[in-house]
Every structure is written in C-alpha cells, then in structure tokens.
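K.L.:
structure for this input, please:
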Amino acid sequence: MKRTIKIWIECARLRTLPVSVAGVIMASGIAVLYHRFEWLPALLCFAFAVLAQVVSNFANEYYDFRRGTDKKGRVGPRRGVTEGDITPGLLLRVTIGTLAVACAVGCGLIPFGGWWLIPVGILIAVFAFAYSAGPYPLSYHGLGDVAVLVFFGLVPVNLTFYLQAGYFAPLAILASVTIGLMGVNVLLVNNYRDVDDDREAHKRTTVVIFGRKVASAAYLINGYVGISLLAPLWFAAPLWVLAVPALYLVLHTVTWNRLTHSDGAALNPLLGATARNMLIFAVLLTACFGIIAA
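P.N.:
Down below sits the predicted model:
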C-alpha cells in the first residue's frame, strides 16, 4: 500500500504543486489587501488549481510515455508508467477521473463569476492535455514556457482575484506575471536537467533550442524581473515589507548558483527548491497584506 501511494505521489509530482498554489495564495492576499477576500471562491480556486495541475502532470507522464520520451532509469524522478509500476490504461483513466473532479469543482465557481467561466474552464482543460498531447504538443515545440506563464500565472492570479472582488486590478495583473515567471523557472529546471534526453527524443524545449547557458541566464533574469514588476507595490508599501522580495531574491540567487554548478540527479532537489521559493514569496507577501489591511 505504501509503495502504491508513493508511486502515485511521484506521478502527481507533488513537489511542483506550489506552482499552482502560489498564484491562488497571491491573488487571495491581494483580495485581503483590498478588503475583498471571500473564503469560499478562494478555497474552490485552490482546489481547482491543484487538480488542474495534477491532471496536467498525469497527462504529461502518459503522453511522454506514449511518445517514448521517458526512458527507464531516467535521471529525473521515477516515472511509474515507464518503469512498469502503473499501466498506461490505468493512468489514463485516473487522469480523466481527476479532470472530471476538477470540472465539478470549477462549476462551483459559476455562481461567483458567471457562465463565461465555462469556456475558460474548457480552455484550461484543453491546455492540460495540449501541453503534451495532440498534433502539436506545446512542450515539444518550445511553447511550454509560454503556456506555464499564461496558465500558472496570468489565469489563476487574475481569475482568483476577480472571483473574489468582482473586477480586475492592476496589482493583480502585475502579480500574475511575477508568479508566471517564477513558475516558468520550475519548468526551466526540469528541462535543464532533461536536455540531453529531450534532444534525443526530438522534444524541442527552450533549453534544447537555446542551450543551457541561455536557460540558466533566463532563470536568473526571470526572478529579478518578476520582483521588479511589482515596483509600484514596493514603493507604496511600508519599508518592512521589502524584507519579502529581498528574501526571495537571496533564495532565488542561491538556487540559481546551485543550478549552474549541478548536473544529472543533483538537479532534482532544485526543482522543489524553485517551487518552494515562489511559495515562500507568495505566503509571506500575503501575510504582509493581511497585516496592512488589519
């Protein structure tokens, strides 16, 4: 039983879930700052974001297996289907079942945002599969980074804030790009580690296209640009709030330095560290918003 649970946890890639969670937390923090926080839509957005990412992770593992991208004994985390721990059919059924649960949760948001959320939800569901599947899988054509920026940054932050406040705010829009860039960095670490395998499998990620040096530079720049985008907030907030971006940049720079001096399996912990950094940033900044709004 314990082994089965571990296999499915690895398949869901729990260490990357802060990528989806951070956006919802950030948006809810801004809602708190504006005195617009609503716990029920925030909770539903949280659940939907996690489920949608798990669906995307399941689908990615299934379709990478189908395409032969993942190999046994790979450098990255163990892939259950590739190693024979999970049958492809079972993973596909669980993926579809998880998607159904995500859709049910998403329908719970209609009373807060209106029926226009249905096509948005369909678009998110399509992305969850189009990232790795279909005639033009995004992750195989250098578009994975753009997809992460949009669907783990722009969409969750702005929609979560809108569903609580009833309008879009400039601060939420800026924060959505910040969170999106931080999320892109998680993908960069993953593709930085897998660049040789991806090149062999004709998976043209941005790291395969531009090389590791450009990817590591982009990783560093993304963090600093993301923090800089929130300059209006840093100038307007109390001085003590600046401790949050300062801490993030320290953690970010340390992780980047480890990235440039690591290879193979040594890169695996940096995937979780990058996700951890963005979660710490979102949680601490939300706590600051709560203190300011009190």
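K.L.:
how much space between residue 135 and residue 187?
P.N.:
Distance of residue 135 to residue 187, given as Cβ to Cβ, to the nearest Å: 22 Å. Every residue, glycine included, has its C-beta placed from N, CA and C.
K.L.:
which residues touch stretch 275-284?
P.N.:
Contacts to stretch 275-284, defined as Cβ atoms under 8 Å, 6 or more residues apart in numbering, come from residues 15-19, 21-23, 25-26, 29, 179, 182-183, 185-186, 223, 244-245, 247-248, 251-252, 255.
K.L.:
6 Å instead, please
P.N.:
The contact list for stretch 275-284 (Cβ atoms under 6 Å, 6 or more residues apart in numbering) reads 16, 18-19, 22, 25-26, 182, 186, 244, 248, 251-252.
K.L.:
kindly report the same for stretch 178-193.
P.N.:
The contact list for stretch 178-193 (Cβ under 6 Å, 6+ apart) reads 16, 19, 22-23, 26, 76, 144-145, 148-149, 152-154, 157, 205, 207, 215, 219, 222, 226, 229-230, 267, 270-271, 274-275, 278.
K.L.:
thought residue 174 was touching residue 229?
P.N.:
Yes - under the criterion of Cβ atoms under 6 Å, residue 174 is in contact with residue 229, at a separation of 5.0 Å.
K.L.:
quick one: distance of the longest helix belonging to the chain to the chain centre.
P.N.:
In the chain, assigned by DSSP state H, the helix with the most residues is helix 39-67. Helix 39-67 has its average C-alpha position 10 Å from the chain's average C-alpha position, going by Cα atoms, centre = their mean, to the nearest Å.
K.L.:
quick check: buried residues in it?
P.N.:
Under the neighbour-count criterion of 16 or more other Cβ atoms under 10 Å, helix 39-67 has 41-42, 44-65 buried.
K.L.:
alpha carbons of stretch 270-285, as CSV, please.
P.N.:
These are the backbone C-alpha positions of stretch 270-285, laid out as CSV (Å, rounded to 0.1, in the frame of the first residue of the first chain):
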residue,chain,number,x,y,z
LEU,A,270,16.4,22.3,-7.3
LEU,A,271,13.0,21.6,-8.9
GLY,A,272,11.4,21.6,-5.5
ALA,A,273,13.6,24.4,-4.2
THR,A,274,12.5,26.7,-7.1
ALA,A,275,8.8,25.9,-6.4
ARG,A,276,9.5,26.4,-2.6
ASN,A,277,10.9,29.9,-3.3
MET,A,278,7.8,31.1,-5.1
LEU,A,279,5.6,29.6,-2.4
ILE,A,280,7.5,31.3,0.4
PHE,A,281,7.3,34.6,-1.5
ALA,A,282,3.5,34.3,-2.1
VAL,A,283,2.8,33.2,1.5
LEU,A,284,4.9,35.9,3.2
LEU,A,285,3.6,38.7,1.0
